[in-house]
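Novice: Quick one, what's the 3D model for this:
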Amino acid sequence: MRLLVTVIVPSFNQGRFIGSTLDSILQQDYPQLECIVVDGGSTDETLAIIQQYQDSRLSWVSERDKGQSDALNKGLRRASGEIITYLNSDDLLLPGAVAFAAAYFEAHPEVDLLYGDGYYVDAEDKRLGAFKSAPFDLDLCVLNGQDLAQPGTFWRRTVTDKIGLFDVGFHYRMDFDYWLRAALAGFQLQYVPGERAVYRLHRESKTVSQRATFVTDWEAIITRLFERDDLPAHLLRLKEEAFNVITWWKTKNLWFEKNYTEARPVLRRFLHDHKRGRQMLAATMLFDSYFHTPLTTLISSVLRRTTGVEIFR
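Specialist: Numbers count the residues shown, from 1 in each chain. So this is what the prediction gives:
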């Protein structure tokens, strides 16, 4: 018997894209599927588009909510599937993604959460480049260095049964909080290479429009993590570096915003950092904050093209 897969679609005023999102779900070559749209009370054409679909696998609700995490939790409470995923209302699943996930879970009962790769598109569906995930490493996750793409991530219902719902206090990093909680609960997170989802970048998307505010969620996640009294020793040893990463992230955001007055004192501290790459970048950023050269941007661009490394991480 095939596993039932639930796809939850949190939505708010994405009428421009939601039709493509729903098509990418409902046109999957896997019959045991339900799609639940949880709309936050959209005032654009979203509801009119949803109502055009006459498909028994699709259900929807539209009402005010407390944000994306709240919408996801409403979807989780309604979900009937043994396998669950969520797809933002401007992203896409690639053909065969659901069938692949269901087959993988059936063949690998030891795996609890499955994720892979995909690519970015803009508002006009132009491909911008690939996003690559990587095998799960709990230490890297704590240090904000884990590549794990949310679109195309599927998990067993047993994960939700044990760790509960998404934290409604988080609006930007709720996904990584969930993955981290799953890993700490002993579930196996499995990376299987292959493009199975599309991540849309546009001016209104949270990844683009709220880049600096992601750090607020992450700081809260890490602070709560190290308040636990059951952390293994290898994670406890990461505490200082985990908060260094947060400080570095905040400082980069200040620099990007050209708030050099606040950024410079912290950049000077990082001139003595134990990580050579961060030390060198702090030096170029500090130099550019006074002389406004393109040095930092050029170094970042060259390294990204030649090594694939994003030095602003």
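Novice: Below-threshold pLDDT in the stretch 201-313 of the chain: ranges please.
Specialist: Within the stretch 201-313 of the chain, the segments meeting pLDDT under 70 span 203-212, 303-313.
Novice: what about the helices in it?
Specialist: For the stretch 201-313 of the chain, the helices defined by DSSP state H, counting those that start in this stretch occupy 206-209, 214-225, 233-236, 239-256, 260-270, 276-291, 295-307.
Novice: Give me the buried positions along the longest one.
Specialist: Applying a neighbour-count criterion of 16 or more other CB atoms under 10 Å, one finds A242, N244, V245, I246, W248, W249, K250, T251, K252, N253, L254, W255 buried in helix 239-256. (Each C-beta comes from the backbone N, C-alpha and C, glycine too.)
Novice: Mind putting the helices of the stretch 201-313 of the chain into a markdown table with distance to W179?
Specialist: Output for the helices of the stretch 201-313 of the chain, formatted as a markdown table (distance: least, CB to CB, whole Å):
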| stretch | distance to W179 |
| --- | --- |
| helix 206-209 | 17 |
| helix 214-225 | 11 |
| helix 233-236 | 15 |
| helix 239-256 | 16 |
| helix 260-270 | 28 |
| helix 276-291 | 25 |
| helix 295-307 | 25 |
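Novice: how about these, which one is nearest D177?
Specialist: helix 214-225 (5.0 Å; CB to CB).
Novice: Of the helices of the stretch 201-313 of the chain, which is nearest E63?
Specialist: For the helices of the stretch 201-313 of the chain, the distance to E63 is smallest for helix 206-209, at 20.6 Å, taking CB to CB.
Novice: Could I get the buried residue list for stretch 139-152?
Specialist: Buried residues in stretch 139-152, counting neighbours by 16+ other CB under 10 Å, are found at C141, V142, L143, N144, Q146, D147, L148, A149, Q150, P151, G152.
Novice: From K74, how far off is the last one?
Specialist: G152 sits 22 Å away from K74, going by CB to CB, to the nearest Å.
Novice: picking up where we left off before, tell me the one among the buried residues of helix 239-256 nearest to L47.
Specialist: L47 has its nearest neighbour among the buried residues of helix 239-256 in N253, at 35.7 Å by CB to CB.
Novice: From what I see, the closest one and F214 are in contact.
Specialist: No: using CB atoms under 8 Å, N253 is not in contact with F214, being 9.1 Å away.
Novice: in the strand ranked longest in the chain, what's buried?
Specialist: Secondary structure of the chain per DSSP state E: the longest strand is strand 189-200. If you call a residue buried by 16+ other CB under 10 Å, then strand 189-200 has these buried ones: L189, Q190, Y191, V192, E195, R196, A197, V198, Y199, R200.
Novice: Looking at those, which is nearest A79?
Specialist: So of the buried residues of strand 189-200, ranked by how close each gets to A79 (CB to CB), first place is A197, at 18.7 Å.
Novice: tell me the secondary structure for D44?
Specialist: Of the three states, D44 takes coil under DSSP: H, G, I helix; E, B strand; the rest coil.
Novice: likewise P135?
Specialist: coil.
Novice: Make 29 the first number, not 1, from now on.
Specialist: Sure, I'll start numbering at 29, so the last one becomes P163.
Novice: Distance check, it against V66.
Specialist: P163 is 31 Å from V66, by CB to CB.
Novice: Please say which of those two ends up with more neighbours.
Specialist: Neighbours were counted for P163 and for V66 using other CB atoms under 10 Å; V66 has more, 27 against 13.
Novice: now the more buried one, what's its secondary structure?
Specialist: strand.
Novice: so who does it touch?
Specialist: I36, V37, P38, S39, W88, V89, D93, A99, L100, K102, G103, R106 (CB atoms under 8 Å, 6 or more residues apart in numbering).
Novice: Now do the contacts for the residue nearest the centre of the chain.
Specialist: Centroid-nearest residue in the chain, with CA atoms, centre = their mean: Q178, separated by 4.3 Å. Residues near Q178 by CB under 8 Å, 6+ apart: Y114, D203.
Novice: which non-adjacent residue is nearest L323?
Specialist: T312 (5.1 Å; CB to CB, 6 or more residues apart in numbering).
Novice: Domains of the chain: list them as residue ranges, please.
Specialist: 33-236, 266-335 (automatic domain parsing).
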